[in-house]
Structure formats: C-alpha cells, structure tokens
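Asks: below is the sequence, then the predicted model.
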Amino acid sequence: MAAPLHVFLVLAAIVVYRLYFYVPSPFTYPTYNPTSSDFAYKNMVKQLNKPPIATKKVVEPPLRAPTVFVPDYVDLTKVQKCLEDRRSNVVTVNSTTFSGDRELEKRPFQRFFVMESDHFTLFNHYHPPVKFSYKSRNAVMSNVWRDALYTNVFGTKFVEVDGLLQLEPLPVLSFVFGKDADTLLSNYLIDDNTISEYYEATTTMDMIALATVARGKAGLCVSHFFVVNRGKEYWAVDTKDPSINYAFSPSTKTRTISRLADGSTTVQTLIDEEQLQTSVEAHTRQSSNFKLHDINGEEVVEGDNIVFHIQSGRGDDEDLEERRTMFDGKDWLHVLVSTGIWDQDVSLMHGATDNGATFGVAVADDIAYITFEGQFLQVGSKERGLNAIFLPDIPSKRNRVHISYTDDGDIALSHWGTGVPIVCSWVKYAYGAIYVHDLEDAAYTRELLRLRIVKV
C-alpha cells in the first residue's frame with residue numbers, strides 16, 4: 001500500500017532542513033601528550049589539546065608557498081639562507097604597525113613566519129607562536145609547507161637551546177650552483193635539515209674556497225663535510241682537506257648524505273669503498289678460480305677450521321655503543337637454519353655479536369669453497385632472495401661466491417661474474433642480514449661486507 005502524499009512531503013521537508021541548517025562538528029587535529037622533559041613550551045600544552053573555538057566548518061585553502069614577514073629592522077643578509085627560500089613569499093613589513101597576532105586573525109587556518117634578528121617565529125592557528133633557531137629554519141619551513149609539522153614534533157624532534165627550539169642534529173651545508181641544480185628541483189627529505197649558499201651556474205667551483213666558507217660556519221652546521229651540487233652532479237667534500245671529495249648521483253643522495261651526517265662514515269671511507277668495489281668488479285670478471293688465505297697470508301686448505309671476523313662498519317646503528325659494552329666489540333659470521341620458507345631447510349649466513357660459527361674449506365676443480373657442516377656457501381636463486389646460503393651441492397658457476405683480497409688482508413665477497421657485492425644490513429645490534437644486492441639497486445649502497453679470516 002503506497003504511503004500518503006503528505007508523508008513524502010514531511011520527509012522531504014526534513015531532508016531539506018537538515019541539509020540547509022546542518023552545522024558540522026568542530027575540527028579535529030593531532031594532539032600532543034608530552035613525554036620529553038625538555039619540552040620547551042609546557043605552558044601551551046593545555047592550549048594544544050583544546051578543540052578550536054570554531055563550530056562551523058571552514059575549508060582551509062590548498063597548500064601554497066608560506067608567507068614570511070620580515071620587519072624592516074631585520075637584515076636578511078645576516079640570516080642564513082636555506083632551500084625553502086626558493087618557494088617562500090617574502091613580505092617586508094613596517095615594524096611599528098605589524099603584529100603577528102593581528103595578522104593571524106586576518107589569516108584563519110593559515111601558517112606564516114615572522115623573521116627576527118636572532119630567531120624566527122611560526123604562527124599557526126592550532127597552537128601559540130613558537131620560536132625557532134635559524135639553524136633549523138629549512139627543516140621547519142619544509143615540514144610546514146608539506147603540512148607535516150604537528151605539535152607532537154616539538155617535544156620529540158626538537159630541543160630547547162637558549163629559549164629557542166631546534167633540531168638536535170646540526171644541519172648539513174649545501175653549496176648550490178645554478179637555478180637548475182638538482183637540489184632545487186624537488187624536495188628530498190634529506191634536504192630538510194640543511195643550510196645553503198647559492199652561486200651562479202657560471203661560477204667556478206673552487207673547493208678550497210668553499211671549504212674556507214664552510215669552516216667559517218663552525219657551530220651552525222655539521223663540521224666535517226659539506227655538499228656541492230651543480231646540475232645533477234653532487235660532491236661530498238671533506239672540510240679540513242677539500243682535495244678529499246666524493247662524487248655521487250641523485251639516486252644515491254639520501255644514503256650518502258645520511259651516512260656522512262650521522263657520523264657513521266667519512267668522505268675518505270666512501271672513496272675507499274668505491275675503489276674496493278671497482279676492484280672487486282674487475283677481479284671477478286677476470287679470474288677463473290681462487291684460493292683462500294687467512295689474515296697472515298697463509299693458504300687455508302681442506303681440514304682447516306676458520307672463523308670470520310666482520311671488519312666493515314654497521315652504518316646507521318643507534319645501539320652501537322650499547323653493543324660494544326655488552327659484547328667484545330667485534331662482529332662475527334654465523335649460520336642460521338631457516339625452516340619452512342622454501343621447499344627445504346636452508347642455512348643462512350648472517351652477522352652476530354658473540355663468538356662466530358666455525359667454517360671449513362673444500363676444494364673442487366682447483367676452486368676453494370667456504371663450507372659449513374659439509375654444505376657449500378653460494379648465492380641463492382632470486383626466488384630465495386639472493387641470500388648468502390649453504391646447500392649440500394657444489395654451486396654452479398652462476399651461484400658461486402667470489403672472494404677478493406684488500407691491501408690489508410681482509411676479504412670482500414661478491415656474486416661470481418657480476419661484481420655485485422655481498423653486503424651486511426644490521427637489524428639493531430643483534431643480527432646482520434647478509435645478501436647480494438639486486439643489480440638495479442647495487443649502486444644504492446657501497447657498504448661492502450669486509451671479513452678477516454682467522455684459523456682456529
């Protein structure tokens with residue numbers, strides 16, 4: 001039975017009323033629960049977690065270049081430049097009439113900055129003004145531009161120094177040549193914590209002169225290296241000795257700069273690693289067989305027992321000091337039997353911190369193979385993840401592991417015939433995964449697995 005017409009009219013009237021007079025709920029935004037004792041703005045925590053006063057939905061405008069207000073007494077030539085300058089809208093204002101608080105009232109839900117002689121201030125609808133050190137200006141501005149700087153960042157990523165917030169790690173100094181420099185074209189996260197100096201593309205790159213400028217910024221940036229970018233070419237340069245410089249590409253930029261910035265490597269180490277990898281690649285293509293020698297140069301033959309001491313660094317290992325305290329400060333090769341992953345149990349070679357596993361040697365057709373409990377070290381198939389594994393059968397040529405020797409007697413392992421290195425990627429301090437890089441990704445890291453053979 002059809003409903004009476006007046007019922008439909010009443011329902012329609014209700015729908016129209018709800019659509020026309022509906023008031024959406026207040027805005028929601030990330031809240032902050034302070035966990036750090038050095039949080040600089042404890043008095044504003046209560047304000048951070050209060051809902052905004054607005055009760056009607058106001059649509060925020062799309063992200064755009066942040067506005068930077070510069071009072072007329074601020075000398076911009078004395079303010080450290082940064083990459084975010086390229087997309088900032090800088091406005092000079094009269095210091096006697098301008099007020100950041102009044103400007104915020106005119107710009108609801110917008111973010112902007114006010115420069116001062118010795119700091120800059122972020123004005124944001126979601127929290128009271130926050131003062132930052134110029135050391136972290138690029139990091140703050142880039143995160144605000146991406147809408148990624150929430151209040152919880154202030155207490156965890158930043159520390160208070162002389163009343164100003166700044167990132168704990170110092171920024172990296174970048175010298176940028178030309179408007180088409182790769183650094184200026186896209187926003188890499190690694191570029192966030194940086195300060196910059198700009199030059200025309202036609203300017204001669206004088207590494208010695210740039211090093212002098214870098215040394216003059218002591219305390220403002222990382223001191224042991226700086227970065228130079230012209231076009232799509234990059235160089236990491238040793239500040240003390242600019243003749244030590246390492247060229248790298250945009251594809252390896254993030255890892256290269258990260259390793260240098262956190263102090264896990266030096267420019268000279270990067271150069272040495274590249275030379276070693278080049279030597280490994282050339283040697284693996286020229287050699288048809290190999291022998292095995294320990295650290296003293298003595299040949300390792302069948303019947304000898306050996307252990308492998310890992311000599312290469314750990315990269316980004318935050319627990320390195322804790323590991324050295326807990327253990328003897330050395331890393332060793334171990335073997336882990338993995339079950340249920342493939343069609344058979346497979347013994348995986350890996351790195352660990354306690355005493356290493358004992359290995360042996362087997363010789364077939366004048367080729368020495370590293371063995372473990374009668375199984376042969378080899379590179380697994382792609383289905384097995386190109387891991388360094390032990391299997392019962394002598395490896396085919398395509399699965400062999402090649403051994404190359406460094407000048408100091410260490411060895412480096414690589415995939416036979418390709419020169420692609422075997423590397424060790426540490427998971428905290430306890431476990432190091434050992435595997436061969438895929439050819440397409442081999443250039444992304446140059447951290448070779450370097451070992452020292454010791455007879456036992």
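Replies: That came through fine.

Asks: who does the host helix or strand of residue 423 pair up with?
Replies: Using DSSP states H and E, residue 423 maps to strand 422-427. Strand 422-427 has the following strand partners under DSSP bridges: strand 431-436 (antiparallel).

Asks: list the buried residues of the partner strand.
Replies: 432-436 (16 or more other Cβ atoms under 10 Å). Heads up, the C-betas are built off the backbone N, CA and C, glycines and all.

Asks: again, but for stretch 250-258
Replies: Result for stretch 250-258 [16+ other Cβ under 10 Å]: buried residues 253, 255-258.

Asks: closest to residue 175 among the residues you listed?
Replies: For these, the minimum distance to residue 175 (Cβ to Cβ) is 13.4 Å, reached by residue 257.

Asks: which of the three states applies to the closest one?
Replies: Three-state assignment for residue 257 (DSSP: H, G, I helix; E, B strand; the rest coil): helix.

Asks: that one contacts residue 236, correct?
Replies: Yes - between residue 257 and residue 236 there is a contact under Cβ atoms under 8 Å: 7.2 Å.

Asks: mind listing the shared neighbours of these two?
Replies: Taking Cβ atoms under 8 Å, 6 or more residues apart in numbering as the criterion, residue 257 and residue 236 both touch residue 227.

Asks: where along this protein do the helices fall?
Replies: 5-21, 45-48, 100-106, 137-145, 151-156, 182-185, 207-215, 253-261, 267-286, 320-326 (DSSP state H).

Asks: residue 369: how many residues sit nearby?
Replies: Residue 369 has 20 neighbouring residues, counting by other Cβ atoms under 10 Å.

Asks: my read: it touches residue 393, true?
Replies: No - applying Cβ under 8 Å as the test, residue 369 and residue 393 come out as separate, 10.8 Å apart.

Asks: who touches both of those two?
Replies: Jointly contacting residue 369 and residue 393 under the rule Cβ under 8 Å, 6+ apart are residue 376.

Asks: what separation do you get for residue 371 and residue 302?
Replies: 9 Å (Cβ to Cβ, to the nearest Å).

Asks: more neighbours: these two, which one.
Replies: A count of neighbours by other Cβ under 10 Å puts residue 371 above the other of residue 371 and residue 302, at 15 against 10.

Asks: for that one, what are its contacts?
Replies: Taking Cβ under 8 Å, 6+ apart, we find residue 371 in contact with 359-362, 377, 390.

Asks: select from the residues you listed the one having the most neighbours.
Replies: Going by other Cβ under 10 Å, residue 377 tops the contacts of residue 371 with 25 neighbours.

Asks: without its sequence neighbours, what residue ends up closest to it?
Replies: residue 370 (4.1 Å; Cβ to Cβ, 6 or more residues apart in numbering).

Asks: neighbours around that neighbour, how many?
Replies: Count around residue 370 with other Cβ under 10 Å applied: 24.

Asks: correct me, but it touches residue 363?
Replies: No - taking contacts as Cβ under 8 Å, residue 370 lies outside contact range of residue 363: 11.2 Å.

Asks: any idea how far residue 174 is from residue 198?
Replies: Distance from residue 198 to residue 174, by Cβ to Cβ: 9 Å.

Asks: quick one, which of those two is more surrounded?
Replies: residue 174 (24 against 17).

Asks: surely that one touches residue 227?
Replies: Yes - using Cβ under 8 Å, residue 174 is in contact with residue 227, at 4.6 Å.

Asks: now do the shared contacts for those two.
Replies: If you check residue 174 and residue 227 against Cβ under 8 Å, 6+ apart, no residue is contacted by both.

Asks: and the gap between residue 374 and residue 76?
Replies: Taking Cβ to Cβ, one finds residue 374 at 72 Å from residue 76.

Asks: and those two? Which one has more around it.
Replies: residue 76 (12 against 9).

Asks: so who does the closest residue to that one other than its chain neighbours touch?
Replies: Using Cβ to Cβ, 6+ apart and skipping residues adjacent in sequence, the residue nearest residue 76 is residue 70, 6.4 Å away. Counting by Cβ under 8 Å, 6+ apart, residue 70 touches 76, 90-93, 114-115.

Asks: for residue 70, give its distance to residue 294.
Replies: Noted for residue 70: a distance of 66 Å to residue 294, by Cβ to Cβ.

Asks: repeat for residue 303
Replies: 14 Å.

Asks: and the two? which has more neighbours close in?
Replies: Shown here are residue 303 and residue 294; by other Cβ under 10 Å, residue 294 has more neighbours (16 against 7).

Asks: so what's the closest residue to that one other than its chain neighbours bridging to?
Replies: Spatial nearest neighbour of residue 294, chain neighbours left out: residue 453 (4.4 Å); criterion: Cβ to Cβ, 6+ apart. On the basis of DSSP bridges, residue 453 is bridged to residue 308.

Asks: tell me the contacts of residue 453?
Replies: 292-295, 300, 306-308, 411.

Asks: okay, the strand holding residue 423 in CSV with CA atoms only?
Replies: Provided in CSV are the C-alpha atoms of strand 422-427 (Å, rounded to 0.1, in the frame of the first residue of the first chain):
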residue,chain,number,x,y,z
ILE,A,422,77.6,-9.1,-0.8
VAL,A,423,76.6,-6.7,2.0
CYS,A,424,75.5,-6.9,5.6
SER,A,425,72.5,-5.0,6.8
TRP,A,426,72.2,-4.8,10.6
VAL,A,427,69.0,-5.1,12.5
